[in-house]
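Chemist: Starting from these lines, generate the structure:
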Amino acid sequence: MDIESNKNEDALKLAISHARVEREIIYGGGGAKARKKQKDKKKLLARERIAYLIDKDSPFTEIGVFAGYDMYPEQGGCPAGGVVAGIGYVGGKQCVIVANDQTVKAGAWFPITGKKNLRMQEIAMENNLPIIYLVDSAGVFLPMQDEIFPDKEHFGRIFRNNARMSAMGIPQIAAVMGACVAGGAYLPIMSDETLMVNNNGSIFLAGPYLVKAAIGEETDAETLGGAVTHTEISGIADYKFDTEEECLDEIKRICAKIGTNETAGFNRIKSIPPQKDPGEIYGMLPADAGKPYDMLEIIERITDNSEFDQFKKDYGQTILCGYARVEGWAVGIVANQRKIIKNKRGEMQMGGVIYNDSADKAARFIMNCNQKNIPLVFLQDVTGFMVGTRSEHAGIIKDGAKMVNAVANSVVPKITFIIGNSYGAGNYAMCGKAYDPRFIYAWPTARIAVMGGEQAAQTLLQIQMNGLKAKGENIDPATEKNLLEDIKSRYDKQTSPFYAAARLWVDDIIDPVDTRRLIAEGIAAANHKRTTDKFTLGVFQV
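Modeler: You can find the predicted model right below:
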């Protein structure tokens with residue numbers, strides 16, 4: 001390994017370590033005092049519940065661990081959005097699992113909590129996966145009720161989705177292990193089966209204090225809506241258990257009996273490990289995001305046997321397209337080539353830029369994958385489409401629109417990994433969040449923005465400078481430099497993977513060597529739902 005590779009490896013591993021440290025802090029939930037309070041009630045913590053529930057030695061793919069990261073400092077934070085969620089195997093079935101974290105503001109719903117819950121329901125609906133709710137929540141976080149309660153993508157959408165999933169035949173199982181209050185009470189009752197833990201689980205539209213205030217009735221939580229009340233009197237719940245473990249064991253038995261549906265039919269054969277060591281990726285990705293590198297070398301450390309059958313290899317070379325296998329699954333890969341390319345006309349093309357020919361090639365390849373029912377994997381490191389007179393005269397907008405049209409109308413599952421830059425329309429064309437990837441992940445080196453930090457900072461600086469000059473203010477070079485550094489600092493924070501993951505623009509920040517496993521888990525999930533949609537394109541310029 002040369003000096004440059006060593007530097008690259010050190011930088012990437014440092015970024016991974018930083019993400020791991022932040023992750024461990026998030027795993028602490030609402031803090032030691034709140035965790036002890038749970039334990040004193042003989043309750044498991046959210047992640048302990050999931051660990052007990054999933055099949056032994058099976059993977060759990062956590063989604064949204066960084067949700068809410070650094071978003072609510074005035075409210076004391078909201079680690080993981082106050083809910084632990086992901087995809088795991090229960091009774092041999094791949095399931096979506098959503099567990100309220102009662103240590104975070106008593107499991108109350110912040111705006112990001114609602115967004116994360118909706119994301120998990122979206123995953124269940126897109127992939128036809130059973131969904132398990134481990135309920136322990138005090139309901140909406142009242143100081144922010146206007147940001148979580150009334151809008152289309154707010155709290156009420158959860159129950160609308162309960163009804164839609166039921167109509168779609170997606171099994172929903174709810175275990176009430178703590179409070180389940182007010183509007184949230186509809187979630188377990190709109191599920192197929194409701195389990196309750198005696199003396200801890202409770203379901204009611206209004207708690208004892210509100211009942212007293214509203215109608216003057218004196219009661220307690222157990223009498224009002226405990227497990228005995230709802231399994232023996234109201235008939236709302238189906239099972240009651242004395243311990244959480246017994247409750248979780250019953251969920252395992254229920255899941256083990258769920259039947260199978262017709263699969264999507266994605267092709268899979270026996271897996272072959274990559275010939276090239278995936279660990280070498282660490283030294284390949286430049287510490288300087290502007291430096292070129294060969295994306296093909298990255299791909300060959302992700303694919304089975306390090307094989308990649310390129311489509312139109314010598315045409316449109318700033319995007320690599322081709323067929324491969326990952327953990328035995330057939331995939332189509334669309335990746336930005338970061339090498340500087342010399343095309344057949346002898347012209348140099350910048351790596352990471354989408355040119356007319358590369359957009360045209362990618363659109364055609366995406367159409368082919370839809371024709372063959374092959375899932376798509378996008379590897380993003382893109383600074384945007386080529387600009388300038390020559391590109392405009394050649395119709396770069398037209399060719400870009402053709403690629404965007406193909407991505408938007410694709411009916412096979414799409415899984416996106418943001419490896420490095422993800423700027424402007426390049427983010428869209430390479431299947432950014434707005435284009436409905438089934439799953440979307442970021443490497444710690446990801447940067448997501450409308451344009452690069454330096455260009456954006458210079459543009460914003462000029463706007464700010466012109467505004468100050470219009471007011472008659474004189475700007476000396478030192479002040480100009482300070483303004484630029486301040487703008488760049490704020491912009492860089494907004495482009496970081498943590499900023500994106502906090503807002504669920506990406507599902508997680510991952511170690512690059514986990515890319516292969518996450519592709520396989522994502523396609524396994526997607527294979528549960530056969531689409532009846534036909535791949536068609538609307539009107540576009542040719």
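
Chemist: which residues touch residue 117?
Modeler: When contacts are counted by C-beta atoms under 8 Å, 6 or more residues apart in numbering, residue 117 touches 83, 85, 98, 109, 158. The C-beta positions use only the backbone N, C-alpha and C, and glycine is treated the same way.

Chemist: Low-confidence stretches in the protein?
Modeler: 1, 453-454, 456-457, 540-542 (pLDDT under 70).

Chemist: In strands, which of the contacts of residue 117 fall?
Modeler: Counting by DSSP state E, these place 83, 85, 98 in strands.

Chemist: Tabulate the residues you listed in TSV, adding columns for distance to residue 186.
Modeler: Below are those laid out as TSV (distance: C-beta to C-beta, whole Å):
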residue	distance to residue 186
83	17
85	19
98	15
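
Chemist: nearest to residue 207, of the residues you listed?
Modeler: residue 83 (20.7 Å; C-beta to C-beta).

Chemist: who does the closest one bridge with?
Modeler: residue 100 (DSSP bridges).

Chemist: ok, how many other residues are close to it?
Modeler: Neighbours of residue 83 under the rule other C-beta atoms under 10 Å: 29.

Chemist: Quickly note the distance from it to residue 44.
Modeler: Distance of residue 83 to residue 44, computed by C-beta to C-beta, to the nearest Å: 15 Å.

Chemist: Also residue 239?
Modeler: For residue 239, the distance to residue 44 - C-beta to C-beta - is 18 Å.

Chemist: So these two - more neighbours on which side?
Modeler: A direct count of neighbours by other C-beta under 10 Å for residue 239 and residue 44 places residue 44 higher, at 21 against 17.

Chemist: In a helix, that one, correct?
Modeler: No - assigned with DSSP: H, G, I helix; E, B strand; the rest coil, residue 44 falls outside any helix and is coil.

Chemist: That one is in contact with residue 35, isn't it?
Modeler: No - Residue 44 is beyond contact range of residue 35, at 10.6 Å (criterion: C-beta atoms under 8 Å).

Chemist: quick one: what helix or strand has residue 445 in it?
Modeler: Using DSSP states H and E, residue 445 is not contained in any helix or strand.

Chemist: That one against residue 13, yeah?
Modeler: No - Residue 445 lies out of contact with residue 13 (C-beta under 8 Å); the separation is 11.3 Å.

Chemist: Which of the two has more residues huddled nearby?
Modeler: Between residue 445 and residue 13, counted using other C-beta under 10 Å, residue 445 has the larger neighbour count: 22 against 14.

Chemist: the strands in the stretch 301-450 of the chain, which residues?
Modeler: All strands of the stretch 301-450 of the chain, identified by DSSP state E, counting those that start in this stretch, fall at 309-310, 319-326, 329-336, 341-342, 348-349, 353-354, 376-382, 384-385, 414-423, 439-442, 447-449.

Chemist: Adding distance to residue 147 and mean neighbour count, write those out as TSV.
Modeler: Below are the strands of the stretch 301-450 of the chain laid out as TSV (distance: least, C-beta to C-beta, whole Å; neighbours: other C-beta atoms under 10 Å):
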stretch	distance to residue 147	mean neighbour count
strand 309-310	47	14
strand 319-326	39	24
strand 329-336	36	25
strand 341-342	47	14
strand 348-349	45	14
strand 353-354	37	24
strand 376-382	30	27
strand 384-385	33	21
strand 414-423	27	26
strand 439-442	24	26
strand 447-449	23	21
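
Chemist: Excluding residues flanking it in the chain, which one is nearest residue 134?
Modeler: Nearest non-adjacent residue to residue 134, counting by C-beta to C-beta, 6 or more residues apart in numbering: residue 99, 3.8 Å away.

Chemist: picking that back up, so among the contacts of residue 117, which ones count as buried?
Modeler: Among the contacts of residue 117, those buried by neighbour count (16 or more other C-beta atoms under 10 Å) are 83, 85, 98, 109, 158.

Chemist: What is the neighbour count of residue 108?
Modeler: 24.

Chemist: correction: residue 58
Modeler: Neighbours of residue 58 (other C-beta under 10 Å): 11.

Chemist: Three-state assignment for the residue nearest to it when sequence neighbours are not counted, please.
Modeler: Once flanking residues are discounted, residue 58 sits nearest to residue 89: 4.1 Å by C-beta to C-beta, 6+ apart. Secondary structure for residue 89, judged by three-state DSSP, is strand.

Chemist: Could you dump the strands of the stretch 301-450 of the chain into CSV with distance to residue 292 added?
Modeler: Shown next, in CSV, are those (distance: least, C-beta to C-beta, whole Å):
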stretch, distance to residue 292
strand 309-310, 19
strand 319-326, 14
strand 329-336, 11
strand 341-342, 9
strand 348-349, 11
strand 353-354, 11
strand 376-382, 10
strand 384-385, 16
strand 414-423, 11
strand 439-442, 21
strand 447-449, 16
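
Chemist: Quick one: closest of these to residue 229.
Modeler: strand 439-442 (40.5 Å).

Chemist: partners of the closest one in the sheet?
Modeler: strand 414-423 (parallel), strand 508-509 (parallel).

Chemist: wait, which of these is closest to residue 135?
Modeler: Using C-beta to C-beta, these put strand 508-509 closest to residue 135, at 23.5 Å.

Chemist: and the closest one, how far out from the chain's middle?
Modeler: Remark: strand 508-509 is offset 7 Å from the chain centroid, using C-alpha atoms, centre = their mean, to the nearest Å.

Chemist: what comes up buried for the following helix or strand past that strand?
Modeler: As assigned by DSSP H and E, the chain's next helix or strand after strand 508-509 is helix 515-526. Going by neighbour count (16+ other C-beta under 10 Å), the buried part of helix 515-526 is 515-516, 518-526.

Chemist: Over to stretch 463-478?
Modeler: 464-465.

Chemist: gap between that stretch and the chain center?
Modeler: For stretch 463-478 - counting by C-alpha atoms, centre = their mean - the centre lies 42 Å from the chain centre.

Chemist: can you name the farthest residue from the center of the chain?
Modeler: If you look at how far each residue of the chain sits from its centre, by C-alpha atoms, centre = their mean, the farthest one is residue 472, at 47.5 Å.

Chemist: Is that one in a helix, a strand, or coil?
Modeler: coil.

Chemist: Roughly how far does it sit from residue 187?
Modeler: Counting by C-beta to C-beta, the gap from residue 472 to residue 187 is 59 Å.

Chemist: Just put the strands paired with strand 439-442 in JSON lines and tack on distance to residue 198.
Modeler: JSON lines is the format used below for those (distance: least, C-beta to C-beta, whole Å):
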{"stretch": "strand 414-423", "distance to residue 198": "42"}
{"stretch": "strand 508-509", "distance to residue 198": "36"}
